[in-house]
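A.B. asks: Please work out how this folds:
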Amino acid sequence: MLELCKNVLSRVCFDRKLFARELAKSVRYLKGDELKQLHNWCLKQFSRRYRELIDQTFLQVGVA
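C.D. replies: Purely as a prediction, here's the structure:
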């Protein structure tokens, strides 16, 4: 499931609204270690463009 979430996020990163929606879905689907892995991956891949959005989304689920 983690790889699917990464794939979807990579495909929608051109649009902020789509990225936010898909990131929220991904956070709901994943648990535990996969959630932490997704957080780290998102920061590496998209922090230049969506750092605030990523931080805000993961703070809501207690991953930071």
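A.B. asks: Give me the contacts around stretch 36-51.
C.D. replies: 2, 5-6, 9-10, 13, 16, 19, 23, 26-27, 30, 54, 58, 63-64 (C-beta atoms under 8 Å, 6 or more residues apart in numbering). C-betas here are computed from N, CA, C, even on glycine.
A.B. asks: quick one: that stretch to chain centroid distance?
C.D. replies: Relative to its parent chain, stretch 36-51 has a centroid offset of 7 Å by C-alpha atoms, centre = their mean, to the nearest Å.
A.B. asks: before we move on, what about stretch 38-54?
C.D. replies: 7 Å.
A.B. asks: what's the answer for stretch 29-41, then?
C.D. replies: Per C-alpha atoms, centre = their mean, the centroid offset for stretch 29-41 relative to its chain is 8 Å.
A.B. asks: ok, and for that stretch, which residues are buried?
C.D. replies: 30, 35, 38, 39 (16 or more other C-beta atoms under 10 Å).
A.B. asks: quick one, phi psi at the first one?
C.D. replies: Looking back up the chat, that one is residue 30. Reported as degrees, to the nearest 10, the phi and psi values for residue 30 are phi -90, psi 150.
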